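Undergrad: 3D model of this:
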Amino acid sequence: MPIFSTLFPTWPFILFGVLEPLTMVAGALAPIIDTNNFIAGQTSLASPPTLPHHPSVLALNYQLANIYGLVGMLGVGLIYGTSEIHVLRNAVVALSIADLGHLYATYAAMGPDTFFDVASWSLVSWGNIGFTAFLFVNRIAYLLGLFGSKTSKSKKRN
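TA: Sure thing, here's the model as predicted:
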């Protein structure tokens, strides 16, 4: 019996079960370890944020760190813990919707000129936009069955 099992085919497992949880750890640690650069990187603006940070900005920064940690732990728990394909698929649907919300929040904060100016993106912006869009496309591809299926669909029980 393997140490762990997953219902994902190989690529979605590598992406959602290994790479994404690692990025969630980075997303949880970055706002804590380097608060100023993390806050400044959210919008890729040339000027650094005003210091000291408003207490609300700091609260949102640390709350975002907490949410990244939560999403990472929930993802790992679901991917490695469920034996029901519909639970996994529902989680992927929810994460897809959250990806769109994340992209829109970044767009709303940056504005269209900066959002679409890929050359101006900070490392944080690449995570917020580039990696999130990459995850979204892969989630939709998974939901459409483009990666195949590791397990055959079970028959409906009467």
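
Undergrad: tell me how many other residues crowd the closest residue to residue 143 other than its chain neighbours.
TA: Spatial nearest neighbour of residue 143, excluding adjacent residues (C-beta to C-beta, 6 or more residues apart in numbering): residue 92 at 6.0 Å. C-beta coordinates here come from the backbone N, C-alpha and C atoms, glycine included. By other C-beta atoms under 10 Å, the residues close to residue 92 number 21.

Undergrad: ok, residue 92 touching residue 142?
TA: Yes. Contact criterion C-beta atoms under 8 Å: residue 92 and residue 142 qualify, at 6.0 Å.

Undergrad: what is in contact with the two at once?
TA: Common contact partners of residue 92 and residue 142 (C-beta atoms under 8 Å, 6 or more residues apart in numbering): residue 16.

Undergrad: list the contacts for residue 38?
TA: Neighbouring residues of residue 38 by C-beta under 8 Å, 6+ apart: 30-31, 61, 124.

Undergrad: among those, name the ones in strands.
TA: The strands, defined by DSSP state E, take in nothing from the contacts of residue 38.

Undergrad: quick one: pLDDT of residue 105?
TA: pLDDT recorded at residue 105 is 95.

Undergrad: does it count as helix, strand or coil?
TA: Three-state assignment for residue 105 (DSSP: H, G, I helix; E, B strand; the rest coil): helix.

Undergrad: count of residues packed around it?
TA: By other C-beta under 10 Å, the residues close to residue 105 number 12.

Undergrad: for residue 14, see how far away it is.
TA: 27 Å (C-beta to C-beta, to the nearest Å).
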